[in-house]
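In: Any chance you could fold what I've pasted below:
(2 chains)
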Amino acid sequence: AQKVTQAQTEISVVEKEDVTLDCVYETRDTTYYLFWYKQPPSGELVFLIRRNSFDEQNEISGRYSWNFQKSTSSFNFTITASQVVDSAVYFCALRGNRDDKIIFGKGTRLHILP
Amino acid sequence: DGGITQSPKYLFRKEGQNVTLSCEQNLNHDAMYWYRQDPGQGLRLIYYSQIVNDFQKGDIAEGYSVSREKKESFPLTVTSAQKNPTAFYLCASSASGTGVTDTQYFGPGTRLTVL
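Out: Sure thing, here's the model as predicted:
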């Protein structure tokens, strides 16, 4: 069975601090994709990144970076120099090559305090 | 602008009534999905469709029905058989639905409240 665990239910940090959101996944598929989505207070899920299981290079996009480690089945997301606009719920998700569905974690609610 | 629209944004329903949530996309995507989100929970898949005139049940299909008569439209009906329909409903679409690389893109959601 496939599973995504986001152990941090809620995190609060002060603006400009760095923060890392954890994501641990389980799958028996050798080919799979991992995703991160952001859900601001408006409700719409915004796609942030997709990573395939064969590419373990870290990815950086502005203040956002992702660390994918197959050895620990983790795909963690770091926001550097956080801003109030980063306040949202963040979801990690997994899709294997034998399933038509994406499996979502329960999300981490991030509060950036001014 | 390409995207996914859902209407209405807020919907109120009396117990025992059926209600239909609209989802339209102009991304020319083949696949469309409906999710339900409850407070503090992740997304749970209700129904999905990979091609016109075909759809499959997701993990929580009971009390819901869908149709896919047009590529761009995938309406969801919440029937009176759904015991606890108050939730936030999200529609999504993806290019093909069958590839592991497929990324789903989401609409703004409809918040349904049963009075």
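In: okay, CA-based contacts and neighbour counts for the rest of this
Out: Fine.
In: Tell me the residues on chain A that lie near chain B, please.
Out: With C-alpha under 8 Å from any C-alpha of the partner chain as the criterion, chain A meets chain B at residues A:32-33, A:42-47, A:50, A:52, A:91, A:95-97, A:100, A:104-107.
In: Type out the PyMOL command that picks the buried ones from those residues.
Out: In PyMOL, a selection of the buried entries from those looks like this (16 or more other C-alpha atoms under 10 Å in any protein chain shown):
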select buried, chain A and resi 32+33+43+44+45+46+47+52+91+95+96+97+104+105+106+107
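In: Now, the residues of chain A next to chain B that are in strands?
Out: A:32-33, A:46-47, A:50, A:52, A:91, A:95-96, A:104 (DSSP state E).
In: As a check, name the ranges of all strands in chain A.
Out: Remark: strands assigned in chain A by DSSP E are A:3-5, A:10-14, A:19-21, A:24-26, A:32-39, A:46-52, A:59-61, A:64-69, A:74-79, A:88-96, A:103-104, A:108-113.
In: Just name the shakiest helix or strand of chain A by mean pLDDT.
Out: Ranking every helix and strand in chain A by mean pLDDT, DSSP states H and E puts strand A:59-61 at the bottom, with a mean of 88.
In: ok, that one: who's next to it in the sheet?
Out: In the sheet, strand A:59-61 lines up against strand A:64-69 (antiparallel) (DSSP bridges).
In: got the angle between the strand it pairs with and strand A:32-39?
Out: 150 degrees (axes from the mean of the first three to the mean of the last three C-alpha atoms, to 10 degrees).
In: isn't B:Asp59 right up against B:Leu43?
Out: No: with contact defined as C-alpha atoms under 8 Å, B:Asp59 does not count as touching B:Leu43 (10.4 Å).
In: When the two are compared, which one has more neighbours?
Out: Neighbour count, other C-alpha atoms under 10 Å in any protein chain shown: between B:Asp59 and B:Leu43, B:Leu43 has more, with 22 against 12.
In: ok so, going back, let me know the closest of the ones in strands among the residues of chain A next to chain B to B:Gln37.
Out: Set against B:Gln37, the nearest of those by C-alpha to C-alpha is A:Phe104 (11.0 Å).
In: How about residue 80: what's its closest non-neighbour residue?
Out: Assuming you mean chain A. Spatial nearest neighbour of A:Thr80, chain neighbours left out: A:Asp18 (4.4 Å); criterion: C-alpha to C-alpha, 6 or more residues apart in numbering or on different chains.
In: Please refer instead to chain B.
Out: Nearest to B:Ser80 is B:Gly16, by C-alpha to C-alpha, 6+ apart, at 4.7 Å.
In: just to revisit the earlier point, rank the strands of chain A by mean pLDDT and give me the bottom one.
Out: Lowest mean pLDDT within the strands of chain A: strand A:59-61, a mean of 88.
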